[in-house]
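Student: Here is my input, please return the structure:
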Amino acid sequence: MLYLLNSSTSWGVTIGLAVGALILFWIILYFVPVGLWFRAVVSGVRISLLQLIVMRWRKVPPSVIVDALINATKAGLTLGSDQLEAHYLAGGNVKNVVMALISADKANIDLDFNSATAIDLAGRNVFEAVQMSVIPKVIETPPVTAVAKDGIQLIAKARVTVRASIKQLVGGAGEETVLARVGEGVVSSIGSADSHKAVLENPDIISKTVLSKGLDSGTAFEILSIDIADVDIGKNIGAELQTDQAEADKNIAQAKAEERRAMAIAEEQEMKAKAQEARAKVIQAEAEVPLAMAEAFRSGNLGIMDYYKMKNIEADTEMRGSISQPKGSQGGSDSSSSKKGRKKD
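Tutor: You can find the predicted model right below:
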């Protein structure tokens, strides 16, 4: 029984020692990447095992640095591990920088390590920039609307062929600025045209005018060509503006006419009121005549014969007025006078 206990204890100790040895071996291999060092030596990269261990302590992945050094060495470039480590610790993309340097060297583009790291740290993809320097990129502008001098609206689309300028990648404007400048040039070119037909006949007028303005200055690109892809006719802006102006003039004229009509109506009403006032004064004066005559009778200034003479004159005047009127109106006046007589009776 004691023998079995001793044997089981020895087996447990043996297994524990084996597991501890495996863990220790894995830790040693992690901090001492022998396989990675051997692959670097076989590829012609001179780097010591101690440098790889120090990279682990600096929290720099040795595989990233070794792979970059192998690619650079095989491409005929000479780079130091310290340079790549410094760029990695600065937050750069080591793989993109090395691939950009290899592509630039094969394409005979002047690009050194410091410039490549500066472009990468500036936030641009230096590898894509080098590729764009070798293979130009085509940027299509959104529809640009402009109006010619004859008032016709034109809608144009342009394709801009650009090539990355390595020297202007740091601090240079991007694609948005190029598109905005090209759109401004298209608007200016169409707006300076005397007729929209001239633009439709020769769309290259736009591209030549835009290219002559040097729109790529201060940008990270070099404009190689500007091609007008499509030109469509839009609205007749000139006619619409004239129609709107005519409608506004009509509304103004109507408002002024309405104002004059209102003033005329007000003046007419005022004249009617004055006429009514004058008629009231006449009636008031006529009402005072009998009173004056009665007063004249009482004072002896008017005799009975004078009164009869005045009545004869009134009757004669009324007769002459009735004779001078037409028959219809005379009959109407007679009927009205007869009616008045009947009312008096």
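
Student: which helices and strands sit right next to the host helix or strand of Asn251?
Tutor: According to DSSP states H and E, Asn251 maps onto helix 237-299. Applying 3 or more CB pairs under 8 Å, 6 or more residues apart in numbering; DSSP states H and E, we find helix 237-299 packed against strand 152-164. For glycine as for every other residue, the C-beta is placed from the backbone atoms N, C-alpha and C.

Student: The strand it packs on packs against which elements?
Tutor: Checking 3+ CB pairs under 8 Å, 6+ apart, strand 152-164 ends up next to helix 126-134, strand 137-140, strand 144-147, helix 175-191, helix 196-201, helix 204-211, strand 221-236, helix 237-299.

Student: per-residue confidence averaged over it?
Tutor: If you average the pLDDT over strand 152-164, you get 86.

Student: mind checking pLDDT for Gly20?
Tutor: Confidence score, pLDDT, at Gly20: 62.

Student: For my notes, please list the helices and strands packed on strand 152-164 in a markdown table and give mean neighbour count, distance to Gly35 and mean pLDDT for each entry.
Tutor: Formatted as a markdown table, the helices and strands packed on strand 152-164 follow (neighbours: other CB atoms under 10 Å; distance: least, CB to CB, whole Å; pLDDT from 0 to 100):
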| stretch | mean neighbour count | distance to Gly35 | mean pLDDT |
| --- | --- | --- | --- |
| helix 126-134 | 21 | 28 | 83 |
| strand 137-140 | 14 | 41 | 86 |
| strand 144-147 | 20 | 59 | 86 |
| helix 175-191 | 18 | 44 | 84 |
| helix 196-201 | 16 | 68 | 80 |
| helix 204-211 | 18 | 57 | 79 |
| strand 221-236 | 16 | 44 | 82 |
| helix 237-299 | 10 | 73 | 85 |
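
Student: Dump the ones you listed into TSV; add distance to Val41 as well.
Tutor: Formatted as TSV, the helices and strands packed on strand 152-164 follow (distance: least, CB to CB, whole Å):
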stretch	distance to Val41
helix 126-134	28
strand 137-140	41
strand 144-147	60
helix 175-191	45
helix 196-201	68
helix 204-211	55
strand 221-236	43
helix 237-299	74
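
Student: related to what we said a few turns ago, name the next helix or strand downstream of the helix holding Asn251, please.
Tutor: Going down the chain from helix 237-299, the next helix or strand is helix 304-324, by DSSP H and E.

Student: quick one: that next one to helix 237-299, angle?
Tutor: Per axes from the mean of the first three to the mean of the last three CA atoms, to 10 degrees, the angle that helix 304-324 makes with helix 237-299 is 150 degrees.
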